[in-house]
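Undergrad: Build me a model from this:
(2 chains)
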Amino acid sequence: MIRFESVTKRFRGGGIAVDALDLEAPTGKITVLVGPSGCGKTTSLRMVNRMVEPTSGRIWLDDRDTAKVRPATLRRGIGYVIQQAGLFPHRTVVDNVATVPVLLGLPRRDARRQALDLLERVGLPRELGERYPAQLSGGQQQRVGVARALAADPPVMLMDEPFSAVDPVVRAQLQDEFLRLQGELGKTILFVTHDIDEAIKLGDQVAVLRTGGRLAQVATPAELLSHPADAFVAGFVGRDRGYRALGFAAAGELPLAHEPVVTVGDALAATPPRAVDGWALVVDAERRPLGWLAVGGLGEAQLSGPVVEDLLNLGGTLATESGTLREALDAALSSPSGRGVIVDEDGRFAGTVTASEVLTRIERRASVLRQEAIESAAAEVIALQP
Amino acid sequence: MSTAAVIADKFLPGLDRVPVWLNDPANWTGPNGLLERIGQHLGYSVSAVVVALLIALPLGLVIGHTGRGVFLVVGLANGLRAVPILGLLLLLVVWLSPHLHARLTVPGLIPPGGFAYIVPIEIALVLLAIPPILSNTYAGVQAVDPAVRDAGEGMGMRGSQVIWQVEFPCALPLVMSGLRSATLQVIATATVAAYVPFLGGLGRFILDGQDQLTNLRYGYPAMVSAGIVVAVLAVVVDLLLALVQRLVVSRGVAERYRRRRGVRAVPEPA
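TA: Presented below is the predicted three-dimensional model:
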């Protein structure tokens, strides 16, 4: 657990970076600090390992007051990942990862062996260990940065915009693997980002800071989207939050419709009877959906060959049965046939659902939530009465 | 033709005497021969560069690391570059030498009574060597990626560990180029030692030859030959330092990577 106790950072010249911050990052969870530039989120993070000293207030790591621990000792016990990775250019990847264990006095040979295992853990081949950082791509460098922070197995990790310097595709990949890794390791993580989508994707808890270093709201991602505390948070969380909140709502049991399917390689001539409204769903031999075939659009001459993947419309997204309402709605909206494709855990076709069916679900859920909100507001009013 | 050129043409031994002079073993061996002079020349130069390195390297590292004392680099180092070395040397001989009474002698390098005179030349050469080493070391530390330094500190390195484990290795290419340029300058300049009583070095041939230009053994051919030897010496030492640089600078910093057969860059997993 990391606990900020009315922590203030005032810079020489009087500017306030962080203003009386009270915040607790629970053990084993990811707490994301998010906010516009100048909101003091990086300063807050750097005060935890005393890269920046607070002007007043205390920061606790469990029951240790960080101000009472020598900075170098404190930092060796905290994982630290920064935006540009900050790998040592003169050291090989494996020696970079071994840095903290060697500082802590582990023999270099043991530290290296451990480092190689860690490389695999963050999804890098061991052969990369002998390379130098400049020989790696940006995404690989960030992975090494994460491995280096994990090397001494610290219970607490500080991550300062670790994924913001790589392209969106690699970023999404790194985020997914980061969540997988955290699922295995369960570290107490304080994570800084300016990207609200990243905060919502990664955080167990999200703390929104406003300019001037004041805490605007601390909440779970779902709550942040559905109940922003004020106009600033609402504006920062941004557009589409009604839609994005559906990303936290389990779809539950959707009314799946049966759909005749065509297997790739079947004769095209056999498809028209299996089409509904002119569209037939094509699956592979394992019944995994491949795309939609516009049967009505095929000429007489074309109907002679087999069904090949080139003929398919790939526009539709897939939703899983155990997924969210957002996925299900998106599957329906993006499907060329208007019927959203739902698959089971193994990716096999399970049935289709239409947008109006998903919306009925959403509407039903919203009315329950509205009722709850009214009841809790009423309870508050009662509680406030003298 | 100018009068001087006419005189030179008429009375000086020609350049064709230079290879003859260099080929004569008698000019190389024995007391006051080329080999002994080269030894002295290198002795003065190397000791001055080592002392300068011991002063300028830690100073440059600390100034670069702390950002304090930058005026020393800008003001002092650049100021030193403007000092006329010969003038300084003679001033030191006049002021300082009469007060030095230590009787240290090193056979072949410091003759008896020479200590009072070795100190001025060493001071002059050290002052010559400090600016390039100091400013290059400082520049090298300054050029270290702030994220790298931040990572070092954030991982729990102490100040001295950041300097020696991060900043120094990263700054090493620039430190080495400063050292090389200092060494070149010192070797070329150490000829001025000949102006000082008791001292030798290759400058001896050049200075002494001026009084007897037409002498085939000690005159013009000896002067030109010694000049050539100084130049060759400087180049050879520079090449040696280039080799040292190759050995001590991390391949990751020099971006010189070992080729491995069959292993190409591993692509980002899709």
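Undergrad: Counting by contacts, list what the longest helix seen in chain A packs against.
TA: If you go by DSSP state H, chain A has its longest helix at helix A:355-384. Helices and strands touching helix A:355-384, by 3 or more C-beta pairs under 8 Å, 6 or more residues apart in numbering or on different chains; DSSP states H and E, are helix A:325-334. (C-beta placed from N, C-alpha, C; glycine too.)
Undergrad: Just the buried residues of the helix it packs on, please?
TA: A:325, A:326, A:327, A:328, A:329, A:330, A:331, A:332 (16 or more other C-beta atoms under 10 Å in any protein chain shown).
Undergrad: tell me how far that helix is from the chain's mean position?
TA: 19 Å (C-alpha atoms, centre = their mean, to the nearest Å).
Undergrad: Rounded mean pLDDT for it, please.
TA: Mean pLDDT, helix A:325-334: 91.
Undergrad: can you give me how far stretch A:89-108 is from the chain middle?
TA: That offset, for stretch A:89-108, works out to 30 Å (C-alpha atoms, centre = their mean).
Undergrad: And for stretch A:26-40?
TA: 13 Å.
Undergrad: Flag every buried residue along stretch B:236-249.
TA: B:237, B:241, B:245, B:249.
Undergrad: Residues contacting it, please?
TA: When contacts are defined by C-beta atoms under 8 Å, 6 or more residues apart in numbering or on different chains, stretch B:236-249 is touched by residues B:42, B:45, B:172, B:173, B:176, B:177, B:179, B:180, B:183, B:184, B:187, B:254.
Undergrad: if I pick the residue of the stretch 1-150 of chain B found nearest chain A, what's in contact with it?
TA: Using C-beta to the nearest C-beta, residue B:147 is the residue of the stretch 1-150 of chain B that sits closest to chain A, at 3.9 Å. Contact analysis of residue B:147 by C-beta under 8 Å, 6+ apart lists A:82, A:83, A:84, A:85, A:86.
Undergrad: try residue A:65
TA: Neighbours of residue A:65 in contact, by C-beta under 8 Å, 6+ apart: A:58, A:59.
Undergrad: quick one, phi/psi of it?
TA: Taking degrees, to the nearest 10, you get phi -80, psi 120 for the backbone angles of residue A:65.
Undergrad: Tell me the predicted confidence for it.
TA: 96.
Undergrad: ditto for residue B:265
TA: pLDDT, residue B:265: 49.
Undergrad: how close does the residue in the stretch 151-300 of chain A that chain B sits nearest to sit to residue A:368?
TA: Minimum separation of the stretch 151-300 of chain A from chain B (C-beta to the nearest C-beta) falls at residue A:170, amounting to 6.3 Å. With distances taken as C-beta to C-beta, to the nearest Å, residue A:170 is found 39 Å from residue A:368.
Undergrad: Repeat that for residue B:253.
TA: Residue B:253 sits 62 Å away from residue A:368, going by C-beta to C-beta.
Undergrad: For the two, indicate the residue with more neighbours.
TA: residue B:253 (18 against 10; other C-beta atoms under 10 Å in any protein chain shown).
Undergrad: give me every residue that touches that one.
TA: Here residue B:253 is in contact with A:89, A:90, B:169, B:170, B:172, B:173 (criterion: C-beta under 8 Å, 6+ apart).
Undergrad: One more: residue A:30?
TA: A:182, A:189, A:191, A:202, A:203, A:204, A:205.
Undergrad: and the closest residue in space to it that isn't next to it in sequence, which of the three is it?
TA: In space, and not counting its chain neighbours, residue A:30 is closest to residue A:189: 4.6 Å by C-beta to C-beta, 6 or more residues apart in numbering or on different chains. The local conformation at residue A:189, judged by DSSP: H, G, I helix; E, B strand; the rest coil, is strand.
Undergrad: sorry, back to before: could you pull out the buried residues of the longest helix of chain A?
TA: A:355, A:357, A:358, A:361, A:362, A:365.
Undergrad: angle of that helix against helix A:325-334?
TA: Relative orientation of helix A:355-384 and helix A:325-334, computed by axes from the mean of the first three to the mean of the last three C-alpha atoms, to 10 degrees: 150 degrees.
Undergrad: taking the mean pLDDT, what do you get for helix A:355-384?
TA: 86.
Undergrad: could you flag which of the contacts of stretch B:236-249 are buried?
TA: B:42, B:45, B:172, B:173, B:176, B:177, B:179, B:180, B:183, B:184, B:187.
Undergrad: List just the nearest of those residues to chain A.
TA: residue B:172 (7.8 Å).
Undergrad: can you tell me if the one helix or strand that closest one maps to touches chain A.
TA: Assigned by DSSP states H and E, residue B:172 belongs to helix B:168-189. Yes - using C-beta under 8 Å from any C-beta of the partner chain, helix B:168-189 reaches chain A at B:169, B:170, B:172.
Undergrad: residues from the stretch 101-250 of chain B in reach of chain A?
TA: Residues of the stretch 101-250 of chain B lying near chain A (C-beta under 8 Å from any C-beta): B:145, B:147-148, B:150-158, B:161, B:165-166, B:169-170, B:172, B:250.
Undergrad: just the buried members of these?
TA: For these, buried by 16+ other C-beta under 10 Å: B:147-148, B:150-157, B:161, B:165-166, B:169-170, B:172, B:250.
Undergrad: From the residues you listed, which land in helices?
TA: B:147, B:148, B:150, B:151, B:152, B:153, B:154, B:161, B:169, B:170, B:172.
Undergrad: hang on, isn't the fifth one packed against residue B:169?
TA: Think residue B:152. No - using C-beta atoms under 8 Å, residue B:152 is not in contact with residue B:169, being 11.0 Å away.
Undergrad: shared neighbours of the two, anything?
TA: With C-beta under 8 Å, 6+ apart as the test, residue B:152 and residue B:169 both reach residue A:88.
Undergrad: biggest helix in chain B by residues?
TA: helix B:34-66.
Undergrad: Now look at that helix and say if it contacts chain A.
TA: No - judged by C-beta under 8 Å from any C-beta, helix B:34-66 makes no contact with chain A; its nearest approach is 15.0 Å.
Undergrad: so what's residue A:343 up against?
TA: So residue A:343 contacts A:288, A:289, A:318, A:319, A:320, A:321, A:349, A:350 (C-beta under 8 Å, 6+ apart).
Undergrad: measure it to residue A:352 for me?
TA: On the measure of C-beta to C-beta, residue A:343 and residue A:352 end up 11 Å apart.
Undergrad: For residue A:34, list each beta-bridge partner.
TA: Taking DSSP bridges, one obtains residue A:193, residue A:208 as the residues bridged to residue A:34.
Undergrad: Hmm, it is touching residue A:215, no?
TA: No - between residue A:34 and residue A:215 there is no contact under C-beta under 8 Å: 11.2 Å.
Undergrad: shaky segments in the stretch 1-150 of chain B?
TA: B:1-11 (pLDDT under 70).
Undergrad: the helices in it, which residues?
TA: Per DSSP state H, counting those that start in this stretch, the stretch 1-150 of chain B carries helices over the ranges B:3-11, B:17-23, B:25-28, B:34-66, B:70-71, B:78-81, B:85-95, B:115-142, B:146-154.
Undergrad: Provide the backbone phi and psi angles at residue A:238.
TA: Dihedral angles (degrees, to the nearest 10) for residue A:238: phi 90, psi -170.
Undergrad: For residue B:23, see how far away it is.
TA: Applying C-beta to C-beta to residue A:238 and residue B:23 gives a distance of 86 Å.
Undergrad: Likewise for residue A:241?
TA: 91 Å.
Undergrad: Give me the more crowded residue out of those two.
TA: residue A:241 (16 against 10).
Undergrad: which residue packs closest to that one, ignoring adjacent ones?
TA: residue A:225 (4.7 Å).
Undergrad: What strand or helix carries that neighbour?
TA: helix A:221-226.
Undergrad: Next: residue A:233.
TA: helix A:231-237.
Undergrad: which strands and helices sit next to that helix?
TA: strand A:205-210, strand A:214-219, helix A:221-226.
Undergrad: what helices or strands is whatever helix or strand comes next after it leaning on?
TA: For helix A:231-237, the succeeding helix or strand toward the C-terminus, using DSSP H and E, is helix A:241-245. Packed against helix A:241-245 by the contact rule (3+ C-beta pairs under 8 Å, 6+ apart) you find helix A:221-226, helix A:325-334.
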